[in-house]
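In: Kindly return the folded structure for what I paste below:
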Amino acid sequence: MAEGESKQDKFKRLASKRVTNAIQKIELIGNLSGSSYECNAEDAEKITTALQQAVDGVKEKFSKKAPENKKFEL
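Out: Residues are numbered from 1 along each chain as shown. Purely as a prediction, here's the structure:
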């Protein structure tokens, strides 16, 4: 934490960077649906389910519930 930086300021600074990075990575995953790659419906469903579970886990953390630990594999 920078000297004189409040916890709220640190949260805003880190959240802005991390959310921006996460959005960019999600957009890159979306690019896999393009014509340069071959993807079947089952794989697409696994990817979107894993992403939704991760978002649900973040929501649970912010609501102070304990999230389930899940690992993604195709």
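In: Who are the packing partners of the helix or strand hosting residue 18?
Out: Residue 18 is part of helix 7-31 when elements are defined by DSSP states H and E. Secondary-structure packing of helix 7-31 (3 or more C-beta pairs under 8 Å, 6 or more residues apart in numbering; DSSP states H and E): helix 41-62. (Glycine included, C-beta is placed from N, CA and C.)
In: what angle separates the helix it packs on from helix 7-31?
Out: Angle, helix 41-62 to helix 7-31, by axes from the mean of the first three to the mean of the last three C-alpha atoms, to 10 degrees: 170 degrees.
In: residues touching residue 74, list them.
Out: Counting by C-beta atoms under 8 Å, 6 or more residues apart in numbering, residue 74 makes contact with 43, 46, 47.
In: The last one reaches residue 30, doesn't it?
Out: No: using C-beta atoms under 8 Å, residue 47 and residue 30 do not qualify as a contacting pair, with a distance of 9.5 Å.
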